[in-house]
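Enquirer: Whatever this is, show me its structure:
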Amino acid sequence: MIRVTDVSKRYGEHLAVDRVSFTVSPGEVVGFLGPNGAGKSTILRILATSLAPSSGTAEVAGFDVTRAPLEARARCGYLPEHNPLFESMRVAEWLDFAAAVHGVNGARRRERRDFVVDRCALAEVLGKPIRACSKGFRQRIGLAAAILHDPPVLLLDEPTHGLDPLQVVAFRDLVRELRPGRAILLSSHVVAEVAESSDRILAIQRGRLVLDRSLSELRAAAEGSIEAQVLAAVRAGAPA
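Expert: Presented below is the predicted three-dimensional model:
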């Protein structure tokens, strides 16, 4: 599971995240929405152990990201917004490298690599250098590396960015397949995309959580469409 408790993050005088708390349970997909600079990526980077919180606590699969970062990282699959890849490596080499980093070896490595190549539709580019791959393929390569070690927690920052409509549908199907037993947190700027994949929506504005409601609650509410409700919460959290 994912547990964030009163987490704040400062960069000098700038308060990027302000006392945010939420949980994501195993088997739950939670969409994370908010405008640019709202704090989404900062929270995902804290959970991925790339950043330390200034205050508060964050846990991944029961491990505190500050006190036990290696244990937390081993149980987490992370696709950053700006997907870092070794440009000179071939796709197959990159997947083997990602597997080795997570200690996935032997028959288990072959099994997991076959799985991600199939689910992320990478067979045609396995022999290509990453630098020769399109944006859509690069995003799928990053996603494959994130799920290669079969982690119980997935952190996906703008995972459908650069994907064409058919690839987006395939991504939704993959999320449904991966959901059982996993806590999945995915961020996006697109409300409709999050609504298609998520059980619950979080919205953040200026570092503060302004919405935490299930999709069923949002659909049943009388205040308007899901998008209208998210936008209303974000606008209410904006400065006057």
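Enquirer: L186 is in what secondary structure piece?
Expert: For L186, the host element (DSSP states H and E) is strand 183-188.
Enquirer: neighbouring contacts of that strand?
Expert: 1-2, 24-34, 40-41, 44, 47, 61, 81, 152-160, 175, 178, 194, 197-198 (C-beta atoms under 8 Å, 6 or more residues apart in numbering). C-beta coordinates here come from the backbone N, C-alpha and C atoms, glycine included.
Enquirer: ranges for the strands of this protein?
Expert: Listed in chain order, the strands of the chain (DSSP state E) span 2-11, 14-24, 28-33, 55-60, 63-64, 76-79, 153-157, 183-188, 200-205, 208-214.
Enquirer: Which among those strands is found nearest to E124?
Expert: Closest of the strands of the chain to E124 is strand 76-79, at 20.8 Å (criterion: C-beta to C-beta).
Enquirer: can you pull the buried residues of the closest one?
Expert: C76, G77, Y78, L79 (16 or more other C-beta atoms under 10 Å).
Enquirer: Just the buried residues out of the contacts of strand 183-188, in PyMOL syntax.
Expert: Command for PyMOL, covering only those of the contacts of strand 183-188 found buried under the criterion 16+ other C-beta under 10 Å:
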select buried, resi 1+2+24+28+29+30+31+32+33+34+40+41+44+47+61+152+153+154+155+156+157+158+159+160+175+178+194+197+198
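Enquirer: Near R10, how many residues? Count them for me, please.
Expert: R10 has 14 neighbours, counted by other C-beta atoms under 10 Å.
Enquirer: so who does it touch?
Expert: Shown in contact with R10 (C-beta under 8 Å, 6+ apart): A16, S54.
Enquirer: swap the cut-off to 10 Å and go again
Expert: Each residue near R10 by C-beta atoms under 10 Å, 6 or more residues apart in numbering is listed here: A16, V17, D18, P53, S54, S55, G207.
Enquirer: Could you do L218 as well?
Expert: Neighbours of L218 in contact, by C-beta under 10 Å, 6+ apart: V191, A195, R200, I201, L211, G224, S225, I226, E227, A228, Q229, V230.
Enquirer: Among the residues you listed, the buried ones, what's the PyMOL command?
Expert: In PyMOL, this line selects whichever of the contacts of L218 come out buried by 16+ other C-beta under 10 Å:
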select buried, resi 191+195+200+201+211+226+229+230
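Enquirer: So which of the contacts of L218 is the closest to R119?
Expert: Using C-beta to C-beta, those come closest to R119 at A195, 22.4 Å.
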